[in-house]
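Q: from the sequence below, what's the structure:
(4 chains)
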Protein chains: 2
Amino acid sequence: MGRLISDTVEDYLKMIFDLSAETDRVSTGMIADALNVSPASVTDMIQRLATEDPPLLDYIKHQGVALTDEGIKIALEIIRHHRLIELFLHEVLGYSWDQVHAEADRLEHVISEDFEERVAAVLGDPLRGLHGKPIPTASLEMPDQNTSYLLDMRPEQHGVIHSVNDDDPDFLRYLEAQGLVPGAKFSIVDFSPYDNNLRLRLSGQDQEIVLGMGVTTQVQVEVLDFES
Amino acid sequence: MGRLISDTVEDYLKMIFDLSAETDRVSTGMIADALNVSPASVTDMIQRLATEDPPLLDYIKHQGVALTDEGIKIALEIIRHHRLIELFLHEVLGYSWDQVHAEADRLEHVISEDFEERVAAVLGDPLRGLHGKPIPTASLEMPDQNTSYLLDMRPEQHGVIHSVNDDDPDFLRYLEAQGLVPGAKFSIVDFSPYDNNLRLRLSGQDQEIVLGMGVTTQVQVEVLDFES
DNA sequence: TTATAATTTTAGACTATTCTAAATTCCTGT
DNA sequence: ACAGGAATTTAGAATAGTCTAAAATTATAA
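A: Presented below is the predicted three-dimensional model:
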């Protein structure tokens, strides 16, 4: 417990956790892009984290990294902070859903366990964040969510928006304007295989909307068995 | 405005502001003691801050430093953050008055202007902090408070507790147990010139309490013209 | 007023994080 | 199977902040 983890290290671990959703091993280049630092800096850092005691990363030269259990624990702690803070900023201080991310990115590193607990209590121990993502539990379990990407849905299928990426305020305002918020139900009307565009209709709305990969890769859904 | 001020620099400026209440020029040694760093580190830092553009400190070798107007502005910004956050933690999250300081010391550096404004609004733009100290206004004016130290009061005088130092949780719990909280009225009963002990009675209480310099130097009061 | 003590400053070094540029390794396509 | 290009790693350096030990300055006090 008593390890001294810098904000920078926390950012690396959190980002590697996110990127691990895509690939088994996360490459130096992916991390560098995501964190806006040079690949050389990433190599330095991951080598350091892999030789910590206990190691936070499992690193194989030229093959990228995977988080160790220890690394996962730290990442989940920060992700829990982040999502609780986002919800708190919205519920208690009236932030809009596109404003919360930047503030949470700074606060997540400095709050105490006590702060975390009190915020969770005020919010009623929420299971999901403002953008739909699950919040790791106090004992750092990440609930399974049986979701898929909107990208992979096809005509005739029905679904409900589960969660969206929270890091781009413009994108979030766009989604909200379209009604693409967690909980919104929809049916797929058409799919265009050449550009991967999806045409869908939100339940309760007449108009159809067409979404390209810039959107469909950023939105996670639950597929429903029938229209409801 | 767009200067990049590190947390460390903010801590130096805040501390120098506090110490400036005592002396005109603040010495290297005082800062080193207060921040728990070596005198050599302080010399390095104050030389740097005095040669910033614009300078944050006015520094004369071997004679200590004073804040420039620019330095004062930054210090007041952080002090405003600190005191708003302390109040917020108490009012909204139920922290006790001895718990708030450590948390505020970390949060004060990372909150945005937006956060500051929203918290101030939720709290109703308070003028005084949890421990009685004035809160700098949004435009960074520090309200005058016409107070003196409890230390300097003498028998027959009456007063009201204005504010107390917030940085020692044990001390704060002790004060609370004694009823020595901002707003409490009292009369001085006796003064012992050899040990500087003061005997006083809180209004509404029969029992008298004796306080030494360890307490009376840490408590600020408003002197009242008559008992009320 | 001069020696001694206290304080402050300088010098040199360490850690964390970052960078650029050069070297190395891996992968892919012919 | 190997040449070229892409990705990664190494090497060397910068900055912010800290330290200890030594040198310099100021203050004290006989």
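
Q: first to last residue in stretch A:18-35, what's the distance?
A: End-to-end distance of stretch A:18-35: 12 Å, with Cα to Cα, to the nearest Å as the criterion.

Q: could you give the average pLDDT over that stretch?
A: Averaging pLDDT along stretch A:18-35 gives 95.

Q: cool, and stretch A:109-120?
A: pLDDT averaged over stretch A:109-120 gives 98.

Q: nearest to DNA strand D: which residue in chain A?
A: Nearest residue of chain A to DNA strand D, counting by Cβ to the nearest atom of the strand: A:G29, 2.6 Å away. Where you see a C-beta, it was placed from the backbone N, CA and C, and this is true even at glycine.

Q: please identify the buried residues of the helix or strand hosting that residue?
A: Assigned by DSSP states H and E, A:G29 belongs to helix A:28-35. Residues of helix A:28-35 classed as buried by neighbour count (16 or more other Cβ atoms under 10 Å in any protein chain shown): A:28, A:30-32, A:34-35.

Q: enumerate the residues of chain A near DNA strand D.
A: The interface of chain A toward DNA strand D, taken as Cβ under 7 Å from any atom of the strand, is made up of A:27-29, A:32, A:39-40, A:42-44, A:46-47, A:59, A:61-62, A:64.

Q: mean confidence (pLDDT) on the strand or helix carrying A:I46, please.
A: A:I46 is part of helix A:39-50 when elements are defined by DSSP H and E. For helix A:39-50, mean pLDDT rounds to 97.

Q: other SSEs contacting it?
A: For helix A:39-50, the elements it packs on are helix A:7-19, helix A:28-35, strand A:57-60, strand A:64-67, judged by 3 or more Cβ pairs under 8 Å, 6 or more residues apart in numbering or on different chains; DSSP states H and E.

Q: and it, which residues are buried?
A: In helix A:39-50, counting by 16+ other Cβ under 10 Å, buried: A:42, A:45-46, A:49-50.

Q: adding distance to DNA strand C, write those out as a markdown table.
A: A markdown table is the format used below for these (distance: Cβ to the nearest atom of the strand, whole Å):
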| residue | distance to DNA strand C |
| --- | --- |
| A:V42 | 8 |
| A:M45 | 5 |
| A:I46 | 10 |
| A:L49 | 9 |
| A:A50 | 13 |
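
Q: which one of those is nearest chain B?
A: Nearest to chain B out of the buried residues of helix A:39-50 is A:M45 (Cβ to the nearest Cβ; 20.3 Å).

Q: any idea which residue of chain A is furthest from its center?
A: Of all residues in chain A, A:D206 has its C-alpha farthest from the mean position, at 30.3 Å, by Cα atoms, centre = their mean.

Q: who are the neighbours in contact with the residue nearest to the spatial centre of chain A?
A: Residue closest to the mean C-alpha point of chain A, counted by Cα atoms, centre = their mean, is A:N165 at 5.6 Å. When contacts are counted by Cβ atoms under 8 Å, 6 or more residues apart in numbering or on different chains, A:N165 touches A:131, A:171, A:218-219.

Q: other SSEs contacting the helix ranked longest in chain A?
A: If each helix of chain A is counted by residues according to DSSP state H, the longest one is helix A:69-93. Packing partners of helix A:69-93 (3+ Cβ pairs under 8 Å, 6+ apart): helix A:7-19, helix A:100-107, helix A:113-122, helix B:113-122.

Q: okay, these in TSV with mean neighbour count next?
A: Output for the helices and strands packed on helix A:69-93, formatted as TSV (neighbours: other Cβ atoms under 10 Å in any protein chain shown):
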stretch	mean neighbour count
helix A:7-19	19
helix A:100-107	20
helix A:113-122	16
helix B:113-122	16
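
Q: the ones you listed: which one's closest to B:H158?
A: helix B:113-122 (33.2 Å; Cβ to Cβ).

Q: and that closest one, how far out from the chain middle?
A: Distance, stretch centre to chain centre, for helix B:113-122: 21 Å (Cα atoms, centre = their mean, to the nearest Å).

Q: cool, stretch A:46-63 as well?
A: 23 Å.

Q: for it, buried residues please.
A: So for stretch A:46-63, counting by 16+ other Cβ under 10 Å, buried means A:46, A:49-50, A:56-57, A:59.

Q: swap in stretch A:142-150?
A: A:142, A:147, A:150.

Q: nearest residue to the first one other than its sequence neighbours?
A: It refers to A:M142. A:P136 (4.9 Å; Cβ to Cβ, 6 or more residues apart in numbering or on different chains).

Q: and the pLDDT for A:L13?
A: pLDDT for A:L13: 98.

Q: quick one: contacts for the residue nearest to it when sequence neighbours are not counted?
A: Nearest residue to A:L13, sequence neighbours excluded (Cβ to Cβ, 6+ apart): A:A75, at 4.4 Å. The neighbourhood of A:A75, defined by Cβ under 8 Å, 6+ apart, consists of A:13-14, A:16-17, A:67.

Q: in a markdown table, list those residues along with distance to DNA strand C.
A: Shown next, in a markdown table, are the contacts of A:A75 (distance: Cβ to the nearest atom of the strand, whole Å):
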| residue | distance to DNA strand C |
| --- | --- |
| A:L13 | 11 |
| A:K14 | 13 |
| A:I16 | 13 |
| A:F17 | 17 |
| A:L67 | 17 |
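
Q: coming back round to it: now do the phi/psi pair for the residue farthest from the centre of chain A.
A: phi -80, psi -40 (degrees, to the nearest 10).

Q: might you report the residue contacts of the closest residue to A:A50 other than its chain neighbours?
A: Once flanking residues are discounted, A:A50 sits nearest to A:Y59: 3.7 Å by Cβ to Cβ, 6+ apart. When contacts are counted by Cβ under 8 Å, 6+ apart, A:Y59 is found next to A:46-47, A:49-50, A:65.
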